[in-house]
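# coords please:
(chains A and B)
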Amino acid sequence: MFKKILIANRGEIAVRVIRACRELGITSVAVYSDVDRASLHVRKADEAYHIGPPAATESYLNIAQILEVAKRSDADAIHPGYGFLSENAKFAHACRDAGVKFIGPSPASMEMMGSKTRARQQMEKAEVPFVPGTSRGLESSAQAEQVAETIGYPVMLKAAAGGGGKGMRLVHAQKELKAALEAAQSEAERAFGDREVYIEKAIVNPRHIEMQVLADEHGNTVYLGERECSIQRRHQKVLEESPSPIVDTEMRRRMGKVAVRVAQAANYTNAGTVEFLVDQNKNFYFLEMNTRLQVEHPVTELITGLDLVHLQIRIAAGEKLPFRQEDIHLRGHAIECRIYAEDPDNNYFPSPGKITLLLSPSGPGIRRDSGMYEGWTVPVDYDPLLAKLIGYGTDRPQAISRLTRALHEYFVGGIKTNISLFRRILTDADFQSGKLDTGYLDRLLKSKPLQIESKDAQVAAIAAGIFAFFDPATGVAGDAISSPDSRNRIDSEIAVSGWKRAARIEGLG
Amino acid sequence: MIYDVTIDGKNYRLELERAERGWHCRLDGREIQMDAVLARRDVLSVLIEGKAYEIKRERTATDLHLWVGDVRYSAELRDPRSLRSRKTAAADGTGPRKLLAPMPGKVVRVLVGEQEAVSAGQSILVVEAMKMQNEIKSPKNGTVQKIVATEGANVNAGDVLAIVE
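As a prediction, the model looks like this:
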């Protein structure tokens, strides 16, 4: 077993891995950028080293610097978390060259899965079901038109090196195809430095369901059940659950077997996730494989009773899987809410800043994986995921009611969060009956919001006075309600309106 | 103490006195049975005629909000005897307005020049935070008196970016 593991990440996932290390008696090493000195992962680790300025390219993506810290701290393995370097085959190679074990698959498996077209060619050999389309990049718009004609409109154009919705275009008819292809190619070029684009039949109102797999370095591969991830905004998952409301035992077995075939075809080791699109007739199609631990891994942990990070570490240390497929039983239901620093009243734009008050839920069936604390300032430089709140119950309705209760207890003051969004989702009739697809959340947000009952305005009025009574310095008098350090009280105002749409750069699974 | 309280635009007159046991509380002249404990900074436990409420207070550079359960109320509080608050209320909406950075970030673009005429809602500059671009708009019709921020500069929440007169 390893003696010391360096965690090449930050935020809640770094804390998650540090906790696993402590549980296994392994020394943990954190790394941090200039703006993360006070972050929770640095506080919780056994050792911590500075790696550079705030920009991720100069810190959390800086391979040489991270390996330098690994050498200096004498770490024998590196856990990459998710995002950042987790799916970077060059990094996995560099770890191998430096004699440090990369906790994840081999560089070769990562390279194969990193290119969507290469993965597709390999998977076709393994008889994995695909959405009809090309497995090679398109050479011309004439070729695109020909393929689209064969598979039928609507079609989807996708970047081979893609992710996070970049270089993707939905095309309804032939007349739109040429312009869409050119736009997708130039967007792919800009985002990934690779203009290769391929074409697929567009599945109308698909679900996004993924299968967790685990493979040791001795040829054993198992699947650990699916996760329903259809609730997304701008191709970012927001809420995930396991099991999926539409997957029964038979479908799970079929999807699981395909996922295992995918992993085996790539000589895959460690934890990985095989993503599927599922159409309205429950046909499922291979989408891609994520060669890392997923953000939403806790829902699988809760219903399988397994600790995926422990298992990742044990597998990387050369241990055999301690169970077989038939030993894995799913029990109960788990749902995860991704708590983001985002403003629901302002089109869910990021809301960094200082957390002035934090009241955290607990109690039966509640797990909270968090990277924040009261008094901490959320930096502007990284993805706004603050924490994950996961509810577990004997069945789906109980998981929903526990999570709803816990959200009621959760309060994050000083910054805006998307907590209110989850109240809305969990009380929505379509969500409760499991009627989901990847367009669900956009439809919900376009529909009229819940009527908020402001019956307690008088209570608020009384409370406002009591706060001022207890704390006159910060409570009273017109403009003086603002914080004492505000220099610009009179005739000033924050013009917060008009966030402009822009996509996030870091794509988290 | 007497407070003029505005909750989501509606005004209340609140009279609050510490009593020997509990409080004397009158809201718009109506006597209310109430007890309150400050559980910690910004968290209040209030009992009103048998009902229990946990109330959270949130203060930003410009706003005061109170959360009763899951519902957020915007609040304003004035001591009617305070001269300053009356003066401030009268001055509202006129004179030069400062545009403040709503969050820490980087000024990526300045869209107008000094002395340029602008209309309410017109974008003045763009601040990037967490990979998102935020247009800072003019709060009023007027003239750009001063652009304080420069392109490429890092700013903190509450920093003055520009002044519109």
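# and the pLDDT for the most centrally placed residue in chain B?
When C-alpha atoms, centre = their mean is applied to chain B, the residue found nearest the centroid is residue B:63 (1.7 Å). The model reports residue B:63 with a pLDDT of 81.
# how close does it get to residue B:80?
Distance check for residue B:63 against residue B:80: by C-beta to C-beta, to the nearest Å, it reads 21 Å. Bear in mind the C-beta positions are built from the backbone N, C-alpha and C, glycine included.
# can you check residue A:310 too?
Distance, residue A:310 to residue B:80, by C-beta to C-beta: 63 Å.
# of the two, who's got more company?
Set residue A:310 next to residue B:80 and count neighbours by other C-beta atoms under 10 Å in any protein chain shown: residue A:310 wins out with 14 against 11.
# contacting residues for the more buried one?
Residue A:310 makes contact with A:20, A:23-24, according to C-beta atoms under 8 Å, 6 or more residues apart in numbering or on different chains.
# name the residues of the helix or strand where it lies that come out as buried.
Element membership for residue A:310, per DSSP states H and E: helix A:308-316. By neighbour count with 16 or more other C-beta atoms under 10 Å in any protein chain shown, helix A:308-316 contains the buried residues A:308-309, A:311-316.
# in a helix, residue B:55, correct?
No: using DSSP: H, G, I helix; E, B strand; the rest coil, the assignment for residue B:55 is strand, not a helix.
# how near is it to chain A?
Using C-beta to the nearest C-beta, to the nearest Å, residue B:55 is found at 4 Å from chain A.
# tell me the pLDDT at that residue?
Model confidence at residue B:55, given as pLDDT, is 97.
# is it bridged to anything, and to what?
residue B:44, residue B:68 (DSSP bridges).
# same deal with residue A:156?
Per DSSP bridges, the residues bridged to residue A:156 are residue A:170, residue A:200.
# gap between it and chain B?
Residue A:156 is 25 Å from chain B, by C-beta to the nearest C-beta.
# so what strands line up beside the longest strand along chain A?
Longest strand of chain A, by residue count under DSSP state E: strand A:221-233. In the sheet, strand A:221-233 lines up against strand A:207-215 (antiparallel), strand A:236-242 (antiparallel) (DSSP bridges).
# tabulate the ones you listed (JSON lines), appending mean pLDDT and mean neighbour count.
As requested, the strands paired with strand A:221-233 are arranged in JSON lines below (pLDDT from 0 to 100; neighbours: other C-beta atoms under 10 Å in any protein chain shown):
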{"stretch": "strand A:207-215", "mean pLDDT": "98", "mean neighbour count": "25"}
{"stretch": "strand A:236-242", "mean pLDDT": "96", "mean neighbour count": "25"}
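# now find how far off-centre the helix holding residue A:310 is within its chain.
Centroid separation for helix A:308-316 versus its chain: 19 Å, with C-alpha atoms, centre = their mean, to the nearest Å.
# quick one: mean pLDDT for it?
Rounded mean pLDDT across helix A:308-316 is 98.
# C-terminal to it, what's the next element?
Using DSSP H and E, the helix or strand that follows helix A:308-316 in sequence is strand A:333-340.
# each with direction, which strands does that following strand pair with?
Within its sheet, strand A:333-340 is paired with strand A:236-242 (antiparallel), strand A:385-393 (antiparallel), according to DSSP bridges.
# return the residues in contact with the closest residue to residue B:42 other than its chain neighbours.
Take residue B:42 and drop its neighbours on the chain: the residue closest to it by C-beta to C-beta, 6 or more residues apart in numbering or on different chains is residue B:57, 4.4 Å away. Going by C-beta under 8 Å, 6+ apart, residue B:57 touches A:357, A:413, A:463, A:467, B:42-44, B:64-67.
# also residue A:255?
Applying C-beta under 8 Å, 6+ apart to residue A:255 gives the contacts A:209, A:211, A:223, A:226, A:247, A:276, A:284.
# so which strand or helix has it?
Residue A:255 belongs to helix A:249-265 when assigned by DSSP H and E.
# looking at the contacts of residue A:255, which is nearest residue A:406?
Taking C-beta to C-beta as the measure, residue A:406 lies nearest residue A:226 of those, at 23.7 Å.
# what sits against the residue in the stretch 251-400 of chain A that chain B sits nearest to?
Per C-beta to the nearest C-beta, residue A:350 is where the stretch 251-400 of chain A lies closest to chain B, at 3.4 Å. For residue A:350, the contacting residues are A:340-343, A:380, A:384, B:103, B:129-132, by C-beta under 8 Å, 6+ apart.
# what about 7 Å?
Contacts for residue A:350 (C-beta atoms under 7 Å, 6 or more residues apart in numbering or on different chains) come out as A:341-342, A:384, B:129-130, B:132.
# same check on residue A:388?
For residue A:388, the contact set (C-beta under 7 Å, 6+ apart) comprises A:12, A:298, A:336-339, A:369.
# for it, list each beta-bridge partner.
Under DSSP bridges, the beta-bridge partners of residue A:388 are residue A:338, residue A:369.
# for residue B:40, same thing?
Beta-bridge partners, per DSSP bridges, of residue B:40: residue B:43.
# residue boundaries of the helices in the stretch 1-150 of chain A?
Taking DSSP state H, counting those that start in this stretch, the helices of the stretch 1-150 of chain A run over residues A:11-23, A:40-44, A:63-73, A:89-98, A:107-114, A:116-125, A:141-151.
# meant to ask about the stretch 351-500 of chain A, not that
Remark: helices assigned in the stretch 351-500 of chain A by DSSP H, counting those that start in this stretch are A:396-409, A:419-426, A:429-432, A:440-446, A:457-470, A:472-475.
# can you put these in a markdown table and add mean neighbour count?
Formatted as a markdown table, these follow (neighbours: other C-beta atoms under 10 Å in any protein chain shown):
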| stretch | mean neighbour count |
| --- | --- |
| helix A:396-409 | 18 |
| helix A:419-426 | 20 |
| helix A:429-432 | 14 |
| helix A:440-446 | 15 |
| helix A:457-470 | 24 |
| helix A:472-475 | 15 |
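# these: lowest mean pLDDT?
helix A:472-475 (a mean of 58).
# nearest to residue A:91, of the strands paired with strand A:333-340?
Closest approach to residue A:91 among the strands paired with strand A:333-340 is made by strand A:385-393 (21.2 Å; C-beta to C-beta).
# just name the shakiest helix or strand of chain B by mean pLDDT.
helix B:83-91 (a mean of 45; mean pLDDT, DSSP states H and E).
# following that one, which helix or strand shows up next?
strand B:97-100.
# same for that next one, what does it pack against?
Applying 3 or more C-beta pairs under 7 Å, 6 or more residues apart in numbering or on different chains; DSSP states H and E, one finds that strand B:97-100 contacts strand A:492-493, strand B:160-164.
# tell me the domain ranges of chain B?
Annotated domains of chain B cover B:2-89, B:97-164 [automatic domain parsing].
# just these: most buried one?
Ranked by mean neighbour count, the domains of chain B are led by domain B:97-164 with a mean of 19 (mean count of other C-beta atoms under 10 Å in any protein chain shown).
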